[in-house]
Each structure stands twice: as structure tokens, then as C-alpha cells.
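Visitor: 3D model of this:
(one chain, ligands or ions: 1)
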Amino acid sequence: MLVIKTLVWFRQDLRLRDNPALSYAAQKGCVIPVYIDDQSCPEQYTLGGASKWWLHHSLNSLNNSLDNKLHCQTGDAKQIILAWVKKYNITCVVWNRCYEPWQIKRDTIIKQSLKDLGVEVKTFNASLLWEPWQVLKKDATPYKVFTPYYRRGCLSQPAPRMPITAPEKLDIEYVEQEDQSIHALHLLPTIAWDKTIQTIWQPGEKGASAKLADFLPNGANQYKSDRDTPSLSATSQLSAHLHFGEISPNQIWYAAIHALNGNTENVGLDCYLSELGWREFSYYLLYHFPTIPEQNFSPKFEHFQWRDDVSALKAWQQGQTGIPMVDAGMRELWQTGTMHNRVRMLVGSFLVKNLLIDWRKGAAWFWDCLLDADLASNSASWQWVAGTGADASPYFRIFNPVTQGQKFDAKGDYVRQYCPELAKLPDKYIHTPWEAPPAILSACKITLGDTYPKPIVDLKASRQRALDTLQISKKLA
Ligand code: FAD
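Guide: As a prediction, the model looks like this:
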């Protein structure tokens, strides 16, 4: 009798619940779960340091759930899969779809090669509420603006798929000699920068469920009013869990609706669901416009004259710009592996507009430091902040990090947490230490240029410089 053996290729779906590929394989018979650290990944898309840390722990968590029977391999994904199929008489290969352009290309080739060998291949949607090709304008072209995309395009589609439960029984085949351990993937850092991060995050399916349970139902109620206050933990903190597929957007979507008793009039719920919509939109843009990680979406910026200022870039990366909200954000990123969304927008605007540094350099730093680094969301968001993207905030709309701080961190709690050297400053000067009278600075033991930097740019003059540079680039276009 032919034994049906299905290779389940885990990628960004590191979970048992609501995992359509795994459920399909479990129904067919024997399952061989494999994770591949794919060496065919182009250099610029290899994981950053923070993501590697997360992945290591997430794979450990998945491996536990699979009774320590997850196979981990390093090498070329196509070669590994084809070799395994032949060696272990695998009759079916399944995976959940990924959407980075190089992944789509690779998966198409692997699928065809397997079909040529007579192997059944099945792929599933496990990470998006709506497939990008499903939502198009009346003229069959993709949307470029979020609101019509989400409200008119997505919400008029059939409701997202309901989540499915984990397979009741898994018959897992384990092939000892072929294995590498998760440790052998060398994902953990060699320098221990992750000490604080370890205490904050719990990668894996359990950690994801716990975060969701924490956030719902109360968090979602307050979401609209509190989500812009960086000192509050008022957002769901699910982005890294979502990126690695430890939870699906479908699970979150329906859990949020359920927690608020399906009350779609609830502004918190609508606002929260629409943030999941922004995630969908980022994937949608990446799918339809695959050059967004590298090229300005808007060709108007082709001739934009970015500054090549290594020391300003370093000051920004290290949270030493002398602008408290910017420094607090950059230090939050370094210490915790994340940064509040409001602050991501203003540090991004500061880099691109006040410092005139190319948004791709900011995106690269985020890629390395963010635990939730995600090619779709990071690229689309940076282009949005820079004013170069689809549906972008217009270039001339320049965030002022002082007024942003005064509005969203009025008492300075966030700045005091990440810039403790400013903690004693009265609220009035917490966002503008350079305006504090010498007596106050001295009473607070602050010496600008020594204990805390002087601003590396004048906000007003650098704003004007950005607008002037835009005018020049328009003339050159
Ligand atoms: P919540 O507010 O609880 O939102 C729920 C979920 O919706 C998030 O987990 C996330 O998956 C999604 N979401 C929320 N806001 C956005 C958004 N603006 N764009 C896309 N998805 C969104 N998000 C990433 O996941 N990875 C990135 O690499 C990334 N880079 C960013 C870079 C910049 C410059 C900016 C301005 C934003 C970036 N974001 C990125 C979007 C956003 O900041 C994070 O998704 C959010 O802060 C995560 O926190 P949360 O899970 O508590 O979000």
C-alpha cells in the first residue's frame, strides 16, 4: 500500500492553529515538517539581527508543539525539497504562500519542478485576509490609495475566511540523520544585545495568543483614543507575531469582532480592523509594485538630492540627535526591538526631511533592528513617511518632532523613559531642552553638548531646506 507522505514546508506560518497547509497534510496522512533557512534569498532580503533572534525562539516554540520533530535545514530550498522528495518517497508538498517578489519567483519554480516529478503540490493563503489579486478597481487595475482599496475594495469582498482549529492528530515522520538543530541555523546574536528584549517578548504561538488575550476586549475599546500615545501600551503589539505567522490576521480579525460583540459601530473596533487593513495594503502594494523596497514609487523623486551625511545618520541611529522625541524613539527601538507607530512616523520624517537622508537608509536600519521587520510594511511605510510612495503623506507635510511630542507625550513620560538624562526637566522644556534657561538646566544636571546633545539641525531651517530641495528636484524631473 502506498503511504502518503506530505512535506509541510513551514515559512512565515510558524503555528499549528489556522494553518491550512498543515491541516491539509494532516488529513492526508503522514506529515514531514521542514523549515529551511533558504540560502537562495537575495542578500538584501536576508533577515536582520532582531528578526533572527525572534525566528530562533519562534522555531523552538513550533518545534515543541511538533514534539521536537521539526526538521531544520540550511541550503537552497529548491535543491533540498527535491532531494527530500526523492529520498523519502514524498508524494505531496504543501506550503502557505509568501509574498516577497523573490519568494513568489522561487515558489513558482519549485512548484513546477515538483509537478514535473509527478508530486502533488498545494499552496494556501494563511497570512492575508484578501489575496492581492482578488481586489482590483473596476478597470481591473490595482488601487493606489488606501481608503478606496480598503473600504470599497476589501470590504465589498466576501468576508475573510474563518480560522480553522489545529489538526486533532498529527502523524509526524522524523528523519533523524538529515537534521540540523535550530541552534545550527546560527540565528542568535554573538554579542548579547538581546538581554532586555528577552524579558519583554515571548515569540511563538503561545506568546501571540497571550498578547491577543491581553489586548482584547478592553484594549480594542480604547484603541482609537489611546493608540497615538507612545507612553501607553495601548496597541496590540502583534506585528512580529503576525510577521512570522504565529497568529493569522483571520484569527485576530474574528477575535476582535467577537470581543466587541460584533459591534461594527464601535469606533475602536473599526479603527483596529483598519490597521490590519494597512498591513493588507502594504502586501498589496508589494505584490502589484514589486520594486517598492528599492525604488521611489513616485518617479517625481528620481532626481531628489539626498544628503550623504554619515555622522548625522549615526546620530539618528544611536538616538543622539538632540531632539528628545527622535532620540527616545531610536533608543526604544534599540532597547526593545520595536518602536511605537506614531514615533516611527516622526523619526522617519526627521531622517528624510530634516536631515535629507535617503529613506532607504532608514528602512535598512529598521530592517536590522525591528523584531517585526517586514518587507511589505517597512517599505510601504517608509515610502509613505518620505512622501515618495503610493497614497503618501505629501512631501511638504513635515512632522515637527517638538509639536508631535507636546501633543502625544504632553507630560514627557515617553521621553523620560528612554532619555533618563532629561528626566528632571520640567514638562515645559522636556521636548525643547535647548530653550530651558541655564539655571534650570544646571538644576537638572544637564549640560547640552555633554550630558545630552545639542540639536544636530535647526528644525525650522532644515524644514525649509527640504522644501527647497523638493522644488529643485521637481525642476529636474
Ligand atoms: P497595532 O496598532 O496593534 O495594529 C495591529 C496590526 O496592524 C499590527 O500588528 C500590524 O500588523 C498592522 N499595522 C498597524 N499599523 C500598520 C501600518 N501603518 N502599516 C502596516 N501594518 C500596520 N510594521 C511592521 O509590521 N513591520 C515593519 O517593518 C514596519 N515598519 C514601519 C516603518 C515605518 C517608518 C512606519 C511609520 C511604520 C512601520 N510599520 C511596520 C507599521 C506599524 O508601525 C507597526 O505595524 C505597528 O507599530 C506595530 O505595533 P502593533 O502590533 O502594536 O500595532
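
Visitor: how about the residues of the stretch 201-350 of the chain near the ligand?
Guide: Neighbours of the ligand within the stretch 201-350 of the chain, by Cβ under 6 Å from any ligand atom: 227, 235-239, 242-243, 275-276, 278-279, 282, 341, 344-345, 348. For every residue, glycine as well, the C-beta is placed using N, CA and C.

Visitor: Got a ChimeraX select line for the buried ones in the residues you listed?
Guide: Selecting only the buried entries of these in ChimeraX, with 16 or more other Cβ atoms under 10 Å as the criterion:
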select :227,235,236,237,238,239,242,243,275,276,278,279,282,344,345,348
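
Visitor: Next step: the residues of the stretch 201-350 of the chain next to the ligand restricted to helices.
Guide: In helices, judged by DSSP state H, the following of those are found: Ser239, Leu242, His243, Glu275, Leu276, Trp278, Arg279, Ser282, Asn341, Arg344, Met345, Gly348.

Visitor: Okay, the fourth one and Lys69: tell me how far apart.
Guide: Right, the one you point to is Glu275. In this view, Glu275 and Lys69 are 36 Å apart by Cβ to Cβ, to the nearest Å.

Visitor: Where does pLDDT dip in the chain?
Guide: Along the chain, the model assigns pLDDT under 70 to residues 1-2, 177-179, 262-265.

Visitor: Can you tell me the strand partners of the longest strand along it and which way each runs?
Guide: Scanning the chain for the strand with the most residues, using DSSP state E, yields strand 30-38. Here strand 30-38 has these sheet partners by DSSP bridges: strand 5-10 (parallel), strand 71-75 (parallel), strand 171-172 (parallel).

Visitor: Following the shortest one in sequence, what is the next regular element?
Guide: Going down the chain from strand 171-172, the next helix or strand is helix 195-200, by DSSP states H and E.

Visitor: which secondary structure elements does the helix or strand that comes right after that next one contact?
Guide: The helix or strand immediately downstream of helix 195-200 is helix 205-215, counting by DSSP H and E. When contacts are defined as 3 or more Cβ pairs under 8 Å, 6 or more residues apart in numbering; DSSP states H and E, helix 205-215 sits against helix 49-65, helix 239-243, helix 249-259.

Visitor: can I get the CA coordinates of the second one in CSV?
Guide: Included here for helix 239-243 are C-alpha records, laid out as CSV according to Å, rounded to 0.1, in the frame of the first residue of the first chain:
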residue,chain,number,x,y,z
SER,A,239,3.1,42.8,14.5
ALA,A,240,6.1,40.5,14.9
HIS,A,241,3.8,37.5,15.8
LEU,A,242,1.9,38.3,12.6
HIS,A,243,5.1,38.6,10.5
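
Visitor: Now do that helix: which elements does it pack against?
Guide: Counting by 3+ Cβ pairs under 8 Å, 6+ apart, helix 239-243 packs on helix 205-215.

Visitor: If we use 10 Å, what do you get?
Guide: Judged by 3 or more Cβ pairs under 10 Å, 6 or more residues apart in numbering; DSSP states H and E, the packing partners of helix 239-243 are helix 49-65, helix 205-215, helix 249-259, helix 267-288, helix 375-386.

Visitor: What of the last one?
Guide: Identification of packing neighbours for helix 249-259 by 3+ Cβ pairs under 10 Å, 6+ apart yields helix 205-215, helix 218-226, helix 239-243, helix 267-288.

Visitor: Now the last one: buried residues?
Guide: Of the residues in helix 267-288, those buried by neighbour count under the rule 16+ other Cβ under 10 Å are 268-269, 272-288.

Visitor: Give me the angle between that helix and helix 218-226.
Guide: Interaxial angle, helix 267-288 versus helix 218-226 (axes from the mean of the first three to the mean of the last three Cα atoms, to 10 degrees): 80 degrees.

Visitor: quick one, the helix or strand following helix 267-288 and helix 341-349 angle?
Guide: Per DSSP H and E, the first helix or strand lying C-terminal to helix 267-288 is helix 310-318. If you take the same axes, to 10 degrees, helix 310-318 sits at 170 degrees to helix 341-349.

Visitor: Buried ones in helix 310-318, by neighbour count?
Guide: With burial defined by 16+ other Cβ under 10 Å, the residues of helix 310-318 counted as buried are Ala312, Leu313, Ala315, Trp316, Gln317.

Visitor: How about residues contacting that helix?
Guide: Residues outside helix 310-318 that contact it (Cβ atoms under 10 Å, 6 or more residues apart in numbering) are 307, 309, 320-323, 326-327, 329-331, 333-334, 347, 350-351, 354-358, 361-362, 365, 368-369, 453, 456-457.

Visitor: Serialize the helices and strands packed on helix 249-259 to CSV and add fields for distance to Lys115.
Guide: CSV is the format used below for the helices and strands packed on helix 249-259 (distance: least, Cβ to Cβ, whole Å):
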stretch, distance to Lys115
helix 205-215, 31
helix 218-226, 44
helix 239-243, 30
helix 267-288, 23
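
Visitor: burial measure for Asp427, as a count.
Guide: 14 (other Cβ atoms under 10 Å).

Visitor: Ok, the one 4 residues further on next?
Guide: The number of residues packed near His431 is 25, by other Cβ under 10 Å.

Visitor: cool, Ser231 as well?
Guide: When neighbours are defined as other Cβ under 10 Å, Ser231 has 17 of them.

Visitor: So it: helix, strand or coil?
Guide: Following DSSP: H, G, I helix; E, B strand; the rest coil, Ser231 is assigned to coil.

Visitor: Tyr414 versus that one, what's the distance?
Guide: Separation of Ser231 from Tyr414 (Cβ to Cβ): 4 Å.

Visitor: just Ala364 next, same as before
Guide: Distance, Ala364 to Tyr414, using Cβ to Cβ: 25 Å.

Visitor: Also Ile357?
Guide: From Ile357 across to Tyr414, the span is 24 Å (Cβ to Cβ).

Visitor: Neighbour count: the two, which is higher?
Guide: Taking other Cβ under 10 Å, Ile357 and Tyr414 do not tie; Tyr414 has more neighbours (24 against 20).

Visitor: how near is that one to the ligand?
Guide: Distance of Tyr414 to the ligand, computed by Cβ to the nearest ligand atom, to the nearest Å: 14 Å.

Visitor: Tell me which residues touch that residue, please.
Guide: The contact partners of Tyr414, taken as Cβ under 10 Å, 6+ apart, are 229-232, 324-325, 328-329, 332, 340, 342-343, 405, 408, 430.

Visitor: farthest-separated two in those?
Guide: Between any two of those, the greatest separation by Cβ to Cβ is 17.9 Å, found for Leu232 and Pro324.
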